[in-house]
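Novice: give the three-dimensional model of this entry:
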Amino acid sequence: MIKNIIFDIGNVLASFRPREVLEEMGLDETEVNVILDATVRGPYWVELDRGVMEEAEVIEAMRSRVPQRYLADFERFFAEETGKLVKSLPYAADWLKGLKERGYHVYLLSNYPVGLFEIHSPHFTFLPYTDGRVVSGYVKCVKPDERIYRCLLEKYSLRPQECVFLDDLAENVEGAKKLGIHGICFLGYEDANAKLERMLAETE
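Specialist: Reported below is the predicted structural model:
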């Protein structure tokens with residue numbers, strides 16, 4: 001029987017919108033892509049998520065990949081705009097609230113930098129309906145490393161076979177499955193909710 005439902009945050013419960021933020025800054029397509037390639041699409045963003053390197057050191061490494069003519073906008077992006085990078089999705093709070101009301105425990109397991117999580121989490125509409133969370137930046141490892149799944153299981157004394165994990169990246173779902181956690185790859189709310197309800201019914 002599934003008792004615990006574990007959610008990723010980005011692009012599952014909250015939209016991750018770096019391109020939109022850069023476009024809202026008034027940057028043209030070329031500059032948007034250069035800054036995306038240096039930041040969220042580049043090799044260093046995962047180090048923000050991992051939280052082992054100092055955030056200032058990671059940002060400096062990203063800065064080194066940005067041409068001089070775009071540096072002012074890169075600096076403005078980090079100094080003024082990162083609070084806009086995510087928005088709770090419209091269905092998120094009601095989804096988790098409904099699951100809680102039915103007696104399920106709800107947890108979060110997310111790759112997320114500490115600094116950004118501190119900025120964004122007060123605005124997460126779904127947070128009041130969670131029973132706990134593990135965030136990569138605080139525990140210094142990222143999905144799909146099995147250590148981060150074990151961290152959640154051990155922190156809340158969860159049995160893998162009683163858990164289901166929803167994530168938008170297949171490799172992260174597979175990482176959970178290796179530990180015996182049920183998994184659903186999130187392709188959209190309607191699809192994921194239908195799959196979740198089938199799984200809950202099948203494991204009663």
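Novice: how about low-confidence regions in this structure?
Specialist: Residues of the chain meeting the criterion pLDDT under 70: 204.
Novice: mind listing the strands for it?
Specialist: 4-7, 14-16, 86-88, 105-110, 132-135, 163-167, 182-185 (DSSP state E).
Novice: just the residues contacting the lengthiest helix in the chain, thanks.
Specialist: Counting residues, the longest helix found in the chain (DSSP state H) is helix 189-202. For helix 189-202, the external contacting residues (C-beta atoms under 8 Å, 6 or more residues apart in numbering) are 2, 5, 12, 89, 91, 95, 164, 166, 182, 184, 186. Backbone N, C-alpha and C define where each C-beta goes, glycine included.
Novice: let me know the closest of the residues you listed to residue 63.
Specialist: residue 12 (29.8 Å; C-beta to C-beta).
Novice: phi and psi next, for that closest one.
Specialist: phi -120, psi -60 (degrees, to the nearest 10).
Novice: what sits against residue 139?
Specialist: Per C-beta under 8 Å, 6+ apart, neighbours of residue 139: 51, 147-148, 151.
Novice: would CSV of those with distance to residue 114 be doable?
Specialist: Below are those laid out as CSV (distance: C-beta to C-beta, whole Å):
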residue, distance to residue 114
51, 6
147, 17
148, 14
151, 15
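Novice: same list, those residues, but as TSV with neighbour count and distance to residue 76 please.
Specialist: As requested, the contacts of residue 139 are exported to TSV (neighbours: other C-beta atoms under 10 Å; distance: C-beta to C-beta, whole Å):
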residue	neighbour count	distance to residue 76
51	23	24
147	11	36
148	24	32
151	18	35
